[in-house]
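Participant: Sequence plus the predicted model coming up.
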Amino acid sequence: MPKETTTKRGKTDGKVKQKRAKKDPNAPKRGLSAYMFFANEQRENVREENPGISFGQVGKILGERWKALNDKQRVPYETKAATDKKRYEQEKAIYQADSD
DNA sequence: AAAGTGATTGTTTTG
DNA sequence: CAAAACAATCACTTT
């Protein structure tokens, strides 16, 4: 099993995986994640409820809110994430086709 | 086949 | 413009 759960995902060391260069020809960047969609809506809300806070704060608060919701509440976000994933599926397919 | 690894995604705010 | 905290992901890779 890789690292326990969250916190410093990828990377076996601790080096922040700061956007690596693409190793593939077309590099079909995967799809977005539920958090991306959730943040898209909460970002406005969080910032409004926390006027005058720093970047790290809003970021953290956003994360707390995320899980603060019930799995059912994040459903719409997961749904979008799944939909976005499909988008990637297309790229991937093309990427494979082109690669070949 | 199973396990793991890496790469990626988007937001916020500030200098 | 880029960077960190925040979370998910999950397709591809390797054994």
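Facilitator: Done, it's in.

Participant: ok, and the closest non-adjacent residue to the residue nearest the centre of chain A?
Facilitator: Central residue of chain A (Cα atoms, centre = their mean): residue A:33, 3.8 Å from the mean position. Among residues not flanking residue A:33 along the chain, residue A:81 sits closest, at 5.4 Å (Cβ to Cβ, 6 or more residues apart in numbering). (Each C-beta comes from the backbone N, C-alpha and C, glycine too.)

Participant: Please give the element, helix or strand, for residue A:58.
Facilitator: If you go by DSSP states H and E, residue A:58 is part of helix A:55-68.

Participant: Mind checking if stretch A:32-51 is in reach of DNA strand C?
Facilitator: Yes - judged by Cβ under 7 Å from any atom of the strand, stretch A:32-51 comes into contact with DNA strand C at A:33, A:34, A:35, A:36, A:39.

Participant: which among those residues end up buried?
Facilitator: A:34, A:35, A:39 (16 or more other Cβ atoms under 10 Å).

Participant: still on that earlier bit, for the residue nearest to the centre of chain A, give me phi and psi.
Facilitator: phi -120, psi 160 (degrees, to the nearest 10).

Participant: how near is it to residue A:84?
Facilitator: The gap separating residue A:33 from residue A:84 is 8 Å, by Cβ to Cβ, to the nearest Å.

Participant: Check chain A for the residue nearest DNA strand C and tell me.
Facilitator: Going by Cβ to the nearest atom of the strand, DNA strand C is nearest to residue A:63 of chain A, at 2.2 Å.

Participant: now stretch A:35-53, how far from the centre of its chain.
Facilitator: The chain centroid and the centroid of stretch A:35-53 are separated by 15 Å under Cα atoms, centre = their mean, to the nearest Å.

Participant: Contacts for it next, please.
Facilitator: For stretch A:35-53, contacts defined as Cβ atoms under 8 Å, 6 or more residues apart in numbering pick out A:57-58, A:61-63, A:65-66, A:69, A:74, A:76-77, A:80-81, A:84.

Participant: again, only this time at 7 Å
Facilitator: For stretch A:35-53, contacts defined as Cβ atoms under 7 Å, 6 or more residues apart in numbering pick out A:57, A:58, A:61, A:62, A:65, A:66, A:74, A:77, A:80, A:81.
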